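[1] need coordinates for the following:
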Amino acid sequence: MRTPAGPSTVHLGVDLGTSGLKLVLLARDGTVVAESEASYDVAHPRPGWSQTDPATWTGALARALDDLAARAGDGVVVRSVGVAGQMHAAVLADAAGRPLAPAVPWTDARAADRLDRWRALPEPVRARLANPLVPGMTGPVLDWFAAHDPALCDRAAHVLLPKDVVRAWLVDDAALPAGTTDRSDAAGTLLWDVTRDAWAGDVVAHLDLPGRLLPGVAPSDAVAGTTSRLARWFPASGTAVPVVVGGGDTPVARLAVGAPGLHVNLGTGAQAMAVLDRPAPVADAVVHTFADTGAGEDAGWYRLAAVQNAGLALDWALRVLGLSWEDAVALARSAPAGAGGVTFLPFLTGERGGVAGPGARGAWTGLGESTGRAELVRAAVEGMVFAVAAAVDLLDAPGTDPSTGPVGPASAGTRSSDRDAEVVVTGGGTREPLVRELLADALGRPVRRVGLRSATAVGAALLAARGTGDPVEPATTTAAPDLPTPARPDVVEHLAAWRATAAALA
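    Numbering: from 1, shown residues only. Next up is the predicted model:
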């Protein structure tokens, strides 16, 4: 039954990020009625480990809903809910979707030694995964648990992705089992056969993984059930609000921005993405092949080059230097391009390959007696942007062994045949004009920011609207693009120097 149209009828989008959660109420005319967010910490109980208590996510959701309800005012009717979440993680859960242990996110490296088992797979089998081998992906983490905590695996009914856990918490009248995910998240697990668009049963068999834990797969916009929980915040919504399956944060964000030719999202990590017509086997991939949120005839694919340490590394640098974001930007602008010869490698937690290998670590180099905070923070901003530029280059690079380290094009700044095409950028890291200016110079292309505070939350609301027969077109705003500046030759020179340093040290 359709809810009568009216200005108070909205769709709720949830963006469950690595270190924070964002909410959006999207009206039927595509405008954002209200938005809110709540942050949380990722624990690091051992070197190389990252984990989050899933109760942190649901607690943050409740806090963000408190704020959202206050901002939206009375009389709001939530028509449907969509949840998008950080990809690649692993959450062992019971049959009801309740977590049995802390979630292991994509930044975790405990399963690094399990990757040798993936490398030893027969090449045709490994090639059908068509993705770099990353320790923080669901498959290697599941393998680690099977080896180190088999009792936990025995108790578990499912291995879920983060958005599936939050969706299971929301749904109290299920239409689909709690152990359900979608293809956009499943494709990022290192357990998905991209040629068949299905779970890679041969990989599971070769590695002797507990395949019974793999969730069922449903369309991203399928209704998973209804929730009564929202009545606490939006009583006019009633006690049976549909909740759709949802998707991974990156493909859901692409849904909101229209899946342009080249799309860069810059947040805790960074992703450079381009549409892929048809996936193909790749044995030693340097870029990811991921599924979008379509299904059936509308199922699509995209290529993604990832930087794990983008905003994550810049935030770390600001904490170390004791700077607020505003002070950091002012200092960075006061320092010369090239940061007086100081180079910053942002690889604090290692990388997925291509830009840098899993064993890479961060560094400031080229320090001298005259180096001050201005040069250090300028180098940190440049290092983050240069890592993104290296990721963009990977989209045009041939497949090679992703463990070999930083990629270096034949000539810095060269682009593919669409070298003049505009780059669409999203994410909190692109709000600062200095970042966009540096990226335009590094890429030699116009950079246009889509004015969505959380493209992922908006995309989640769009999925919910689509799945409940009430499709919405987002009302996005874009400013004039940032064009390459006269300083571009200097930036290209500094980018080349950064690549040389990364190749030597990362």
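[2] just checking, what's the longest helix in this protein?
    In the chain, assigned by DSSP state H, the helix with the most residues is helix 373-394.
[3] immediately after that one, which helix or strand?
    strand 423-426 (DSSP states H and E).
[4] that older thread, what is the mean pLDDT for the longest helix of the chain?
    The average pLDDT within helix 373-394 is 96.
[5] where in the chain is pLDDT low?
    Applying pLDDT under 70 to the chain flags the ranges 1-7, 259-260, 397-420, 506.
[6] separation between the spatially most central residue of it and Arg303?
    Residue closest to the average C-alpha location in the chain (C-alpha atoms, centre = their mean): Thr250, at 4.8 Å. To Arg303, Thr250 is 12 Å away according to C-beta to C-beta, to the nearest Å. All C-beta atoms are positioned from the backbone trio N, CA, C, and that covers glycine.
[7] repeat for Leu133
    17 Å.
[8] those two: which is more packed in?
    Leu133 (26 against 19; other C-beta atoms under 10 Å).
[9] checking that one next. Helix, strand or coil?
    Under DSSP: H, G, I helix; E, B strand; the rest coil, Leu133 falls in the coil class.
[10] surely it is in contact with Leu115?
    Yes: with contact defined as C-beta atoms under 8 Å, Leu133 reaches Leu115; the gap is 4.8 Å.
[11] what's the overlap in contacts for the two?
    Pro140 (C-beta atoms under 8 Å, 6 or more residues apart in numbering).
[12] my read: Glu123 touches Pro281, true?
    No: look at Glu123 against Pro281 with C-beta under 8 Å: they stay out of range, at 9.0 Å.
[13] and the two? Which one has more around it.
    Ranked by neighbour count (other C-beta under 10 Å), Glu123 and Pro281 place Pro281 first, with 17 against 10.
[14] report the contact partners of the more buried one.
    By C-beta under 8 Å, 6+ apart, the neighbours of Pro281 are 124, 127-128, 130, 194-195.
[15] could you measure from it over to Ala504?
    33 Å.
[16] same question, Gly17
    In terms of C-beta to C-beta, Gly17 sits 33 Å off from Ala504.
[17] so between the two, which is more surrounded?
    Gly17 (25 against 11).
[18] leaving out sequence neighbours, find the closest residue to the more buried one.
    Gln86 (5.8 Å; C-beta to C-beta, 6 or more residues apart in numbering).
[19] that neighbour: neighbour count?
    Other residues near Gln86 number 27, with proximity taken as other C-beta under 10 Å.
[20] same thing with Leu439?
    With other C-beta under 10 Å as criterion, Leu439 counts 26.
[21] tell me the contacts of Leu209?
    Leu209 touches 139, 142-143, 146, 191, 203, counting by C-beta under 8 Å, 6+ apart.
[22] of these, which is the most crowded?
    Once you tally neighbours by other C-beta under 10 Å, Gly139 ends up highest among the contacts of Leu209, having 31 neighbours.
[23] tell me which element the nearest residue to Val381 once chain neighbours are set aside is part of?
    Nearest non-adjacent residue to Val381, counting by C-beta to C-beta, 6+ apart: Ala332, 5.0 Å away. For Ala332, the host element (DSSP H and E) is helix 325-334.
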